[in-house]
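# Model the following, please.
(chains A and B)
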Amino acid sequence: MNSKKTLIVSHAPFWHDGSGIPERSYHTIIAALPAAIVGIAFYGTPALGVISLAISSAILWELLLNRAMRQPPTIGNGNAALVGLLLAMVLPASTPWWIVLIGTFLAIVIGMQIFGGIGANPFNPVALAFAILMVSYKNHLDFDAGLVNFTLSFPSSTDPLAALKAFGPSAVEGLNYMDLFLGKQVGALGSTCGLALVLGGLYLILRGFIRWEISVSFLAGVFVTAALFNMADPARFAPPAFHLLTGFTMIGAFFLATETSSSPVNFVPMLIYGALGGVMTVLIRNIGAYVDGVIFAILLINLINPLVDKIRPKAIGKVA
Amino acid sequence: MRKRSFFGLSKPCFHYELATGALTDPTAIPTPETVTVYIKQELKRTSSSLKVGTPVKTGQRLVLNEGDDICAISSVTGTICAIAPFLADYGRAWTAVTIKTEGSDTPDTDFAEASQAPTLETLNRYLAACPGEPDIGPLMDERNPVHTIVITGGNADLLIDTSLYVLKQSAEAVNAGIEVLRKATGIEEIVIVVPEESVQNYSGHLDARIQSVSSQYPYAQPLMILHHLTGRLPDEKGMASMGIYFIRAEAVAAIGQAFSTGRLPVEKTVAVIDKRGIKHLARARMGTPVGTLLKAFDVPINDKDKIIFGGPMTGNAIYSEDLPIGPDTDAILVQDKSVIPLYSDYPCINCGDCVRICPANVPVNLLVRFLEAGQYTEGADLYDLYSCIECGLCSYVCVSRIPIYQYIKLAKYEIGRITSAEEMNEQ
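Below you'll find the model as predicted:
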């Protein structure tokens, strides 16, 4: 029975559809790039600096952790680069270098690696890192204060959400929704241009890299809740379209809430998860203490993910 | 190999081969110099009749000890030139008997007498190793009576339509086989399951109720058919408690042929699918080495290629060209080393592709976490391990390339071992 040829033996199936984690990460990076490029166009070199530093330091943190834990390097799968890019996109262009370094450390090490790396993180690492930064270095992450030295040709020179919080809807009444959608608003360097984010999100949905249920229900949650508030008291609460087009709503719906390991996989849970994120966002914005609620809303829905994902169709052949 | 479509929103969807083309006769493979048949029993000591140098006739039963029911059927006339232990999948110990072909075919006459009386004992004694490999045991099990015989017309895997081909080509033999089964078992309820798009080829020609199933993969999997017919799936006690008996169309045809001619069939219809995906149909003696068939169709084999018994989703990869085709080998699939997908030890990233493609609604993403940790009973109790119908689609779409299907088979095997050990202790 000694054959001259050595054959490869493995378990079935012998076909694979060719998908892989690197492909997933790199396509998500491609989808996020247009919004980042818009940021670079608005804010110039400082934005480019933040993006480059965030991506490279995220990769380095992961490599360092791989070394420390004596694991084969996992940076080739592109996940660290993606986390770095997304973190840069929620930071203001004026972020000092040391905050970027701390941020990527929080995202990669605290957010992912100590839980066991890719696939094991209970929270979205970007949202977690940004939440810690936001609580710890309030002044550095204030968009109005950070961007005061930039010459920007936007219709309003202040963060629309901060203006809304401080002065009510009358302060932001003059803003054109088209300007907001095209990114002409003060905010984070990569999350203001709704158009670029929607295009990237649609690309990801069509390619099957993210689940449309989460994005759509998140946006619907924001819209419906904001509409209810607005109907109750238009003098105190902004109209729903304003909430959709400002702050982190778009990047949250398409890039943060859809992160795979912290979001559910079944149909009904995805809808609940997304909608709850949208509701929480508007609740925090309208009656909470923070200017933007997206980050905390996403951390909250990450928490309920294992619980809602128990709602699943009955497997076949099961009696009970 | 089908790749993921650019628009990943749509789920991959496979259809079975339907054997609808013009029926070409299979290429006859000449009798090889040696054939190897397996006696599915561990080689301990053998009787005087099974020794190296013993002459055997075509269709002769080969048993380890006189009076054994488990046998192999010699597919050629010649002399035994080797008897060796053989380790099959899942640790099963068999005995490999190699026969050197000599002289002209002389049929064995033992079965001709027995074929006068179609009883279960005769079936079990002579036909358990015929093409299609019917396992007669469950029909004779008095504790779990069988009430329905299901004849699976189509192949359960993709690319292969050998079984449908046999059903179409030898309808007479199938009818004769159904009659033998009716007489031997007394069971009236016999169902033939075929893919729905090919029903018109069979209905009316066959002496049994025709039931159609979707011609989309994996609806012809035996477990899926069982669920289709009864709405239930077997638990860890196994198929026996369900009262439904599965037999392949080819086995029924073999039974019919055997009882109408008085000779045991020794030839198997095999599809050889070469590296370009072209299918060649062949008829060869059971026990013919795979290499002989591949040579007949000029399929080159290089180092690190893969040869698979069965289809691309549920087949078995084999390790040598010298292994023989068995009574259950419907196809030989050859993969070039450049197209072999590799598995990885990456963790699950919870993308949910497996959950959405699973035809049985198994929460694969949660199940695989338990199986990776070796917690098989937890997986079975909490996350529907026994709802899995073993189609392999989850592994096909897995982004992390986890061998999910392998974990599931391993878990079922390990739980089966625990259960049978517990039963042994109780007795």
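# residues from the stretch 1-150 of chain A in reach of chain B?
A:1-3, A:5-21, A:24, A:77, A:116-120 (Cβ under 8 Å from any Cβ of the partner chain). No exception for glycine: its C-beta is placed from N, CA and C like everyone else's.
# you'd agree B:Leu158 is up against B:Gly311?
Yes. The criterion here is Cβ atoms under 8 Å, and B:Leu158 meets it with B:Gly311 at 5.1 Å.
# Nearest residue to the residue in chain A that chain B sits nearest to in space, please, no chain neighbours.
Taking Cβ to the nearest Cβ as the measure, chain A has A:Gly208 as its residue closest to chain B, at 2.1 Å. Using Cβ to Cβ, 6 or more residues apart in numbering or on different chains and skipping residues adjacent in sequence, the residue nearest A:Gly208 is B:Gly8, 2.1 Å away.
# Kindly report the same for B:His147.
Sequence neighbours aside, B:Gly243 is the residue nearest to B:His147 in space, at 4.6 Å (criterion: Cβ to Cβ, 6+ apart).
# sorry, back to before: give me the buried entries from the residues of the stretch 1-150 of chain A next to chain B.
Among the residues of the stretch 1-150 of chain A next to chain B, those buried by neighbour count (16 or more other Cβ atoms under 10 Å in any protein chain shown) are A:3, A:7-8, A:11-17, A:19-21, A:24, A:77, A:117-120.
# how close does A:Trp97 sit to A:Ala54?
Computed as Cβ to Cβ, to the nearest Å, the A:Trp97 to A:Ala54 distance reads 10 Å.
# Which of the two has more residues huddled nearby?
A:Ala54 (27 against 12; other Cβ atoms under 10 Å in any protein chain shown).
# ok, and what's touching the host helix or strand of the more buried one?
Counting by DSSP states H and E, the element that carries A:Ala54 is helix A:45-68. Helix A:45-68 has contacts (Cβ atoms under 8 Å, 6 or more residues apart in numbering or on different chains) with A:36, A:39-40, A:72-75, A:79-81, A:83-85, A:87-89, A:91, A:93-95, A:97, A:100-101, A:103-105, A:107-109, A:113, A:189-190.
# Select from those every entry located in strands.
Among these, none falls in strands (DSSP state E).
# So B:Tyr343 lies in a strand, does it not?
No. Applying DSSP: H, G, I helix; E, B strand; the rest coil, one finds B:Tyr343 to be coil, outside a strand.
# And the pLDDT at it?
Looking at B:Tyr343, its pLDDT stands at 89.
# from the stretch 301-427 of chain B, which residue is nearest to chain A?
B:Gly352 (2.9 Å).
# Show the contacting residues for that residue.
The contact partners of B:Gly352, taken as Cβ under 8 Å, 6+ apart, are A:211, A:260, A:264-266, B:365.
# and B:Gln116, how many residues sit next to it?
A count of nearby residues for B:Gln116, using other Cβ under 10 Å, gives 9.
# Spell out which residues make up each domain of chain B.
Here the domain parsing of chain B from automatic domain parsing is B:31-106, B:113-261, B:267-335, B:353-426.
# Assign a three-state SS to A:Ser153, would you?
Going by three-state DSSP: A:Ser153 is coil.
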